[in-house]
Structure formats: C-alpha cells, structure tokens
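K.L.:
here is a sequence with its predicted model. Questions after.
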Amino acid sequence: MTAMSFSAVQRPMPSRSTALAIVAGLACALAIGKVLPVTIDSVSGVLAPLCATAAESSPLDKVEPIGSYALPNVPGKRVTIVRVSYGPGGFSRPHRHSGSVTAYITKGEIRSQLGGGPVETFGVGQSFFEPPGSTHLVSANASMTEPAELIAVFVADEGAQLTTFIE
C-alpha cells in the first residue's frame, strides 16, 4: 500500500456561511490576542462589533432630540421624539424604556429583538412597537457598510428617564 501525501487528498470546500463563521472566529481570536494585557472592559469594547456582544456604541452612533411635548389631554404624560442614527455595524447595548416606544425606520435596515422574542429586521418605511418596560436586547444596524436611522416616539410619564441600560 502506498502512502498518500496531504496534497493528494481532496477536501470539500466549506460553504460560504461556514467560511464567514471561520473568518469571524479568527477575527475575534486575533482581537482577543491583541488586547489580552488590557482590562476585560476594554476587551468587550474592542470585540463588540466583531462578536455581536453588547458593550459600547460606535462614535458614529447618536441620539438626537427632535421634540418633547406635554400631552394636555393626558395629564402627567409627555411625548418625546428622537432620531437614532447608527453607523455601519453600529448598535445600542441592551436597554429598556420607561414608556411606550414606536420606532419608524427612515434609512437602511435595523435589527431588533424584544425580550425573548425573535430577532427581526426592519427596513425603510417599517415600524415596530415596544411596550413599557420591555427589554430591548438587540437594537442594531443590520449593515456593516451603510448607515441606518430610525425615529423613536416615546410616550412616558413627565420627568421619566426614557432609557435605562441593562448591565
């Protein structure tokens, strides 16, 4: 029997999704290897965009107030409107809101997951609703190359802290 060299063995090509998973895993391993001497908080910040963990937002991500108005027909309640912009790969860490929130997508695509529900992707012209106190586990730009944006309309108690991040 003759010995077969490794170069003579035919191996099947990995699927595209397998190849992407391998590249992502290698990128995470490389990032971990480069930052091991630093604190665990710094590691989380570096790996977040690569490994889809929740740490800090990108400097390209921002929340801009548009308006806030007392509701005269609902004493003690206020409507607040904000623009949330995500840079490529941008996201917000897990959070909850004190009131009801309706989000309307104005640019790109947004990935969202509430509580134990499914991760959903919403495009321009679509909207989603968050009941008061629900846990918003995923709020992220679905693209790693294009920006995304949404308009959020809050209805909450007057003086309430609108967003609380989950540690």
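P.N.:
Good, I have the coordinates. Residues are numbered from 1 along each chain as shown.
K.L.:
going by C-alpha atoms from here, please, whenever you check contacts or count neighbours.
P.N.:
Will do.
K.L.:
show me where the chain has its strands.
P.N.:
Ranges of strands within the chain are 62-70, 77-86, 91-92, 95-97, 100-107, 109-114, 120-123, 127-130, 135-141, 148-157, 163-165, based on DSSP state E.
K.L.:
turn those into a markdown table, including mean neighbour count and mean pLDDT.
P.N.:
Shown next, in a markdown table, are the strands of the chain (neighbours: other Cα atoms under 10 Å; pLDDT from 0 to 100):
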| stretch | mean neighbour count | mean pLDDT |
| --- | --- | --- |
| strand 62-70 | 13 | 95 |
| strand 77-86 | 20 | 96 |
| strand 91-92 | 25 | 94 |
| strand 95-97 | 20 | 93 |
| strand 100-107 | 20 | 97 |
| strand 109-114 | 21 | 97 |
| strand 120-123 | 16 | 98 |
| strand 127-130 | 15 | 96 |
| strand 135-141 | 23 | 95 |
| strand 148-157 | 22 | 97 |
| strand 163-165 | 12 | 92 |
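K.L.:
touching, residue 132 and residue 114? I think so.
P.N.:
No. Residue 132 is beyond contact range of residue 114, at 11.4 Å (criterion: Cα atoms under 8 Å).
K.L.:
and stretch 158-167, what's buried?
P.N.:
Within stretch 158-167, the residues scored as buried using 16 or more other Cα atoms under 10 Å are residue 162.
K.L.:
can you give me the end-to-end distance of that stretch?
P.N.:
Length of stretch 158-167, first residue to last, Cα to Cα, to the nearest Å: 25 Å.
K.L.:
so what touches that stretch?
P.N.:
Contact with stretch 158-167 is made by 70, 76-78, 93-99, 154, 156, as judged by Cα atoms under 8 Å, 6 or more residues apart in numbering.
K.L.:
including distance to residue 64, could these go into JSON lines?
P.N.:
Listed next are the contacts of stretch 158-167 as JSON lines, based on distance: Cα to Cα, whole Å:
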{"residue": "70", "distance to residue 64": "19"}
{"residue": "76", "distance to residue 64": "23"}
{"residue": "77", "distance to residue 64": "21"}
{"residue": "78", "distance to residue 64": "17"}
{"residue": "93", "distance to residue 64": "17"}
{"residue": "94", "distance to residue 64": "19"}
{"residue": "95", "distance to residue 64": "17"}
{"residue": "96", "distance to residue 64": "18"}
{"residue": "97", "distance to residue 64": "16"}
{"residue": "98", "distance to residue 64": "18"}
{"residue": "99", "distance to residue 64": "18"}
{"residue": "154", "distance to residue 64": "13"}
{"residue": "156", "distance to residue 64": "18"}
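K.L.:
this completes my enquiry, with thanks.
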